[in-house]
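Asker: no sequence for this one, just the structure:
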């Protein structure tokens, strides 16, 4: 049995009375990256956001085969809203699991707990890690892994890895996106919220997330935090060691001046961040390489964008892309080259 | 209010029916390092272990002023034993807190919970972190800190830091031992079990553990794990960043051949381990220095001991001691020199 969270699709995406797109990022992300998992959306009459999915009542969605109601709204404060409860109870009675990534927990509502028990459905708070996570072993596993690392939090690690996994699938490469945060888990339908794991188990959780696999299989692992965030570097290191990546992609926001929440901590240089991640990653995979840099250039003046990308590419000798503008093909090529060239030496090293 | 665990002394050390010294390590450690906190021991008639404390019944200890019954036995399996429960209930009724570092939790026994509530005493499982831990900020705090780091787990970090704190106190240096594991917490009467903290809060917990203090004050922080353990390096990094040490001491077992539990992971060289810890520690304290090496030479043939110590001292240029054989004075001198020489540059850097 896997020890990752496992969600049941198809989803009924619950928007409720969400007032604007900013609070519907979860729903929009799921629809963007996992349209095949989305059956329909459920909106209150006052809701002006439209994900483009068919509108269904809860009864209609249940008849159409929905397996989970997924809360796609994130109100200010991150709490489940009192006026949602009747809809959630209706979905439970119709046999749907309820899935939430909000700060308040579904399991803290006795009426939801009781109804879920009665109707034999699950209340899944995707911020709560699964039970039974092992301690890390550091043993080499079969298959290949790519992990996104960053110069800071919130620099595009989720977007980059989703884009890489999608592009690999388009090329029919055998791969899986491995989610480490709540939205990623809803998109992929499984995963582990790595930052909520007790720290003794962080590396072990990452090992469970990308288990041994076929030699030509790639796990594309969503990164978290940064080795350069004073608050979260331990999370990033446990994830780095447990993922034992063959390839890392560095994600970077060139306009960021300091680590989020830490005004006295400057953003490290791209090269320093790559070097430090490679140094630490070698503990569990001596063959690790950096295969590219993903830049968020959304705030870079357009006339400076190309020069900035070229400069970083020249300094590092690596493919540099803004995945939203340029796609991720140059990173894919470097990564798949690695696949071809390094298998022999790797097998020798870990035989 | 501090967010560390806080135990009430004096202690009645509970040995129960512990059959041999190997299962009484907790009791013996508390009596060795914190005799001033220990009022008496409580033993069943069959118990053959003697910590040297006065024997008292629970009633006698309560009259004599005991504030906590501290379970000093660790049976095979780490569980609270059924035949201990009447004694624990008697202590609760006499107004004593119950303190346990065992795997099974005091709070999982309804009869203990109910009695504790009735008598308004605390059941303190020192493996459970306190509530309300903050996210790390990385901000520089007042005072100085020393952290023990290691080439592996179980290489003498607790012993070394306890010995350093004791020697500093003997010199009347303003200092505190800061415990990060269960036995250390019982010895010091406070602390945070760092490896049980949710990983997002590891660095924040370490920040809480050694709060801002007088400029001449030293926190001597018990280390955990190693940056070179595939399972626990994230714990060690969070503790390193949150402790923002001015000084590290490297603890090493020269007879260890591989990382505990990881036969394919060799022990790093002493110099590599120092360099990597200093590199990573600079994120929150650019002035960090290594002030010495603590060797566990108990398994080194006695005729080789001096040559080994001299060799490592020569290679690293640092004081090298086995604290049990040699004491820790050479490390203290390097550390207190650091105190005198680095204050000026440090204040400039973080002004």
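Answerer: Arrived safely, thanks for sending. Since this is a predicted model, take the numbers as computed values, not measurements. Numbering: from 1, shown residues only, chains lettered A, B, ... in the order given.
Asker: residue A:223: which element?
Answerer: Using DSSP states H and E, residue A:223 maps to neither a helix nor a strand.
Asker: ok, it touching residue A:157?
Answerer: Yes - the criterion here is Cβ atoms under 8 Å, and residue A:223 meets it with residue A:157 at 3.9 Å. Heads up, the C-betas are built off the backbone N, CA and C, glycines and all.
Asker: next, the buried residues of the helix or strand where residue A:92 lies.
Answerer: Using DSSP H and E, residue A:92 sits in helix A:85-93. By neighbour count with 16 or more other Cβ atoms under 10 Å in any protein chain shown, helix A:85-93 contains the buried residues A:87, A:88, A:89, A:90, A:91, A:92, A:93.
Asker: strands paired with the helix or strand just after that helix, and their directions?
Answerer: Using DSSP H and E, the helix or strand that follows helix A:85-93 in sequence is strand A:97-100. When pairing is defined by DSSP bridges, strand A:97-100 lines up against strand A:68-71 (parallel), strand A:123-125 (parallel).
Asker: what's the next secondary structure element after the shortest one?
Answerer: What that stands for is strand A:123-125. Counting by DSSP H and E, what follows strand A:123-125 is strand A:144-150.
Asker: quick one: mean pLDDT for that following strand?
Answerer: The average pLDDT within strand A:144-150 is 98.
Asker: over to stretch A:91-104?
Answerer: 97.
Asker: contact partners of the helix or strand residue A:13 falls within?
Answerer: Here residue A:13, judged by DSSP H and E, is contained in strand A:11-16. Strand A:11-16 is contacted by residues A:24, A:27, A:30-31, A:37-44, A:47, A:49, A:51, A:53, A:56, A:58, A:61, A:66-73, A:81, A:83-84, A:87-88, A:91, A:96, A:99, A:186 when judged by Cβ atoms under 8 Å, 6 or more residues apart in numbering or on different chains.
Asker: can you give me the angle that strand makes with helix A:85-93?
Answerer: 170 degrees (axes from the mean of the first three to the mean of the last three Cα atoms, to 10 degrees).
Asker: and the following helix or strand past strand A:11-16, what other elements does it pack with?
Answerer: Counting by DSSP H and E, the next helix or strand C-terminal to strand A:11-16 is helix A:25-33. Packing contacts for helix A:25-33, counted by 3 or more Cβ pairs under 8 Å, 6 or more residues apart in numbering or on different chains; DSSP states H and E, involve strand A:11-16, strand A:38-43, strand A:68-71, helix A:182-188.
Asker: at 7 Å instead, please
Answerer: Counting contacts by 3 or more Cβ pairs under 7 Å, 6 or more residues apart in numbering or on different chains; DSSP states H and E, helix A:25-33 packs against strand A:11-16, helix A:182-188.
Asker: what does that helix rub up against?
Answerer: Here helix A:25-33 makes contact (Cβ atoms under 7 Å, 6 or more residues apart in numbering or on different chains) with A:11, A:13, A:15, A:21, A:38, A:51-53, A:70, A:72-74, A:101, A:162, A:183, A:186-187.
Asker: mind checking how far residue A:304 is from residue B:297?
Answerer: Per Cβ to Cβ, to the nearest Å, residue A:304 is found 60 Å from residue B:297.
Asker: higher neighbour count, those two?
Answerer: residue B:297 (22 against 12; other Cβ atoms under 10 Å in any protein chain shown).
Asker: are we agreed that that one is in a helix?
Answerer: No - using DSSP: H, G, I helix; E, B strand; the rest coil, the assignment for residue B:297 is coil, not a helix.
Asker: packed most tightly, which of the strands paired with strand A:97-100 would that be?
Answerer: Among these, strand A:68-71 has the highest mean neighbour count (mean count of other Cβ atoms under 10 Å in any protein chain shown), at a mean of 26.
Asker: and the contacts of that strand?
Answerer: A:7-9, A:11-14, A:30, A:88, A:91, A:96-100, A:102, A:186.
Asker: if any of those residues are buried, put those into a PyMOL selection.
Answerer: To isolate the buried members of the contacts of strand A:68-71 in PyMOL, using 16+ other Cβ under 10 Å:
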select buried, chain A and resi 7+8+11+12+13+14+30+88+91+96+97+98+99+100+102+186
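Asker: quick one: average confidence on the helix or strand hosting residue A:311?
Answerer: Secondary structure assigned from DSSP H and E places residue A:311 in helix A:302-316. Looking at helix A:302-316 alone, the average pLDDT works out to 97.
Asker: show me the contacts for the residue in the stretch 51-200 of chain A positioned nearest to chain B.
Answerer: Using Cβ to the nearest Cβ, residue A:138 is the residue of the stretch 51-200 of chain A that sits closest to chain B, at 2.7 Å. If a contact means Cβ under 7 Å, 6+ apart, then residue A:138 has A:284, B:230, B:231, B:262, B:265 as its contacts.
Asker: next, the third one: secondary structure please.
Answerer: At residue B:231 the chain is in coil, as set by three-state DSSP.
Asker: still on that earlier bit, which of the contacts of helix A:25-33 are buried, as a PyMOL select command?
Answerer: Here is the PyMOL command that selects the buried residues among those (16+ other Cβ under 10 Å):
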select buried, chain A and resi 11+13+15+38+51+53+70+72+73+74+101+162+183+186+187
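Asker: ok so, going back, how about the residue of the stretch 51-200 of chain A closest to chain B: what's its closest non-neighbour residue?
Answerer: For residue A:138, ignoring the flanking residues on the chain, the nearest one in space by Cβ to Cβ, 6 or more residues apart in numbering or on different chains is residue B:230 at 2.7 Å.
Asker: that's a helix at residue A:251, yeah?
Answerer: No - Residue A:251 sits outside any helix when classified using three-state DSSP, being strand.
Asker: one step back: buried ones in the helix holding residue A:311, by neighbour count?
Answerer: A:305, A:308, A:309, A:312, A:313, A:316.
Asker: and the next helix or strand past that helix?
Answerer: That would be, after helix A:302-316 and using DSSP H and E, strand A:320-321.
Asker: and chain A, which residues reach chain B?
Answerer: Residues of chain A lying near chain B by Cβ under 7 Å from any Cβ of the partner chain: A:135-139, A:195-200, A:202-204, A:228, A:230-235, A:237-238, A:241, A:262, A:264-265, A:283-284.
Asker: just the buried ones from those?
Answerer: Here, 16+ other Cβ under 10 Å leaves A:136-138, A:195-200, A:202-204, A:228, A:230-235, A:237-238, A:241, A:262, A:265, A:283-284 buried among the residues of chain A next to chain B.
Asker: so which of those sit within helices?
Answerer: Secondary structure from DSSP state H places A:202, A:203, A:204, A:233, A:234, A:235, A:237, A:238, A:241 of these in helices.
Asker: so the closest residue to residue A:154 other than its chain neighbours, which of the three states?
Answerer: Counting by Cβ to Cβ, 6+ apart, residue A:260 is the residue found nearest to residue A:154 once chain neighbours are left out, at 6.3 Å. Secondary structure, three-state DSSP: residue A:260 is coil.
Asker: distance of residue A:260 from residue A:193?
Answerer: 19 Å.
Asker: looking at these two, which one has more neighbours?
Answerer: Between residue A:260 and residue A:193, counted using other Cβ under 10 Å, the more crowded position is residue A:193 (23 against 17).
Asker: I figured the more buried one hits residue A:125, correct?
Answerer: No - taking contacts as Cβ atoms under 7 Å, residue A:193 lies outside contact range of residue A:125: 9.1 Å.
Asker: could I get the contacting residues of residue A:178?
Answerer: Counted by Cβ under 7 Å, 6+ apart, residue A:178 has contacts A:191, A:209, A:210, A:219, A:220, A:221, A:222.
Asker: so can I have a markdown table of the strands paired with strand A:97-100 showing mean pLDDT?
Answerer: Rendered in a markdown table, the data for those read as follows (pLDDT from 0 to 100):
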| stretch | mean pLDDT |
| --- | --- |
| strand A:68-71 | 98 |
| strand A:123-125 | 98 |
